[in-house]
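Novice: Give me the fold of what follows.
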Amino acid sequence: MSMYPALRLRRTRSTAWSRTLVRETHLAPAHLIWPLFVTSGQGVEEPIASLPGVSRWSVDGIVARAKEAKALGIGVVALFPNTPRELRTERGEEALNPDNLMCRAVKAIKDALGDDIGVLTDVALDPYTAHGHDGLVDGGGYVLNDATSEVLVAQALNQAAAGADIIAPSDMMDGRVGAIRDALEEGGHVNVQIMAYAAKYASAFYGPFRDAVGSGGLLKGDKKTYQMDPANTEEALREVELDLAEGADSVMVKPGLPYLDIVRAVKERFEVPVFAYQVSGEYAMIEAAAAAGAGDRDALVLETLLAFRRAGCSGVLSYHAAHAARLMNG
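Specialist: Residues are numbered from 1 along each chain as shown. Okay, the predicted model is just below:
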């Protein structure tokens, strides 16, 4: 390699056109997935206090947001329901209701937009249980693995029948990806993708999300017996390997920015589509920093999203998706 002064790395940085020409990582609206919260009613928008700028929407509003996403160039929306308290039970039976909030929203989006936009649905029981856990619990509060997986399979089939394009199991039960893949094949849903939350950590960054889906005040204990220890890397790689072997089409790392090392390790080891979830706590910190004058909001949003892409993400789930897409679209 040449040395200074024959080699001056600042030469290619000297003009905007040159910086663009040699840019290594590309960020576009098509790399974003927009998480949306569904609530009951008609014409309803409920701002979420812990997520400034984010709201829950009734189904009609969700359809409007999906149309907005398409217009912005965002290819996928991800849905999360705020199930009414009176429908939450110990076993989360509402997850299997073909007319629940999730299924109604999926059907409405598909009726309005068809295959012009993808719909990702969350498979886990925490939005439906009275105790706030992602699965069924025994008398001592331990989340049961195999019994939960049976319910998750039925939940996935329910969402696929409603028209979901991507099933995203976020529960972290062992073996659930294979069980869901087998059921989708047997049920004729052979083109429905599975994006496995393969490395989902027991993180302190989830608080505002739990407020958004109404499970925060219900949660008894913590989720450390099924979500991953933030100290572990090799365990994440084992989880990813298992989910891929069971039939996952893509995998997710959650949270996002504090776990970019995991994203890079997964990408380098497996060379498969890897996604990251820029979770509610990450969003809230950017908003708080911008509100305090500690940083430029637009620059913070785009720089963090670019970091996900640079680390190896095929795409990013972000509550900033629509705002970022508008910035990218000028």
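
Novice: And the strands in the stretch 101-250 of the chain, which stretches?
Specialist: With DSSP state E, counting those that start in this stretch as the criterion, the stretch 101-250 of the chain has strands at 118-123, 166-169, 193-200, 250-254.

Novice: Which strands or helices does the first one pack on?
Specialist: Spelled out, it's strand 118-123. strand 76-81, helix 101-113, helix 145-162, strand 166-169 (3 or more Cβ pairs under 8 Å, 6 or more residues apart in numbering; DSSP states H and E). C-beta coordinates here come from the backbone N, C-alpha and C atoms, glycine included.

Novice: ok, it: who's next to it in the sheet?
Specialist: strand 76-81 (parallel), strand 166-169 (parallel) (DSSP bridges).

Novice: of all the helices and strands packed on strand 118-123, which lies closest to G41?
Specialist: Closest approach to G41 among the helices and strands packed on strand 118-123 is made by helix 101-113 (10.2 Å; Cβ to Cβ).

Novice: can you pull the buried residues of the closest one?
Specialist: L101, M102, C103, R104, A105, V106, K107, A108, I109, K110, A112, L113 (16 or more other Cβ atoms under 10 Å).

Novice: And the least confident helix or strand in the chain by mean pLDDT, what does it pack against?
Specialist: Taking mean pLDDT, DSSP states H and E as the measure, the helix or strand of the chain with the lowest value is helix 207-212, at a mean of 86. For helix 207-212, the packing partners by 3+ Cβ pairs under 8 Å, 6+ apart come out as helix 280-291.

Novice: mind listing what's buried in the helix or strand just after the helix it packs on?
Specialist: Of the helices and strands lying after helix 280-291 in sequence (DSSP states H and E), the nearest is helix 297-311. Buried residues in helix 297-311, counted by 16+ other Cβ under 10 Å: R297, L300, V301, L302, T304, L305, L306, A307, F308, R309, A311.

Novice: Give me the contact list for the helix or strand just after helix 297-311.
Specialist: Sequence order places strand 315-318 as the next helix or strand after helix 297-311, per DSSP H and E. For strand 315-318, contacts defined as Cβ atoms under 8 Å, 6 or more residues apart in numbering pick out 31-35, 76, 78, 252, 256, 273, 275-278, 283, 305, 308-309, 324.

Novice: give the contact list for M173.
Specialist: M173 touches D134, G135, V143, N145, T148, S149, L152, Y226, counting by Cβ under 8 Å, 6+ apart.

Novice: Then P47?
Specialist: V54, S55.

Novice: ok, it to F37 distance?
Specialist: P47 is 11 Å from F37, where distance means Cβ to Cβ, to the nearest Å.

Novice: Name the residues contacting each of the two.
Specialist: V54, S55.

Novice: what about the closest residue in space to L306 that isn't next to it in sequence, is that helix, strand or coil?
Specialist: With sequence-adjacent residues excluded and distances taken as Cβ to Cβ, 6 or more residues apart in numbering, L306 is closest to L27, at 5.1 Å. Per DSSP: H, G, I helix; E, B strand; the rest coil, the secondary structure class of L27 is coil.
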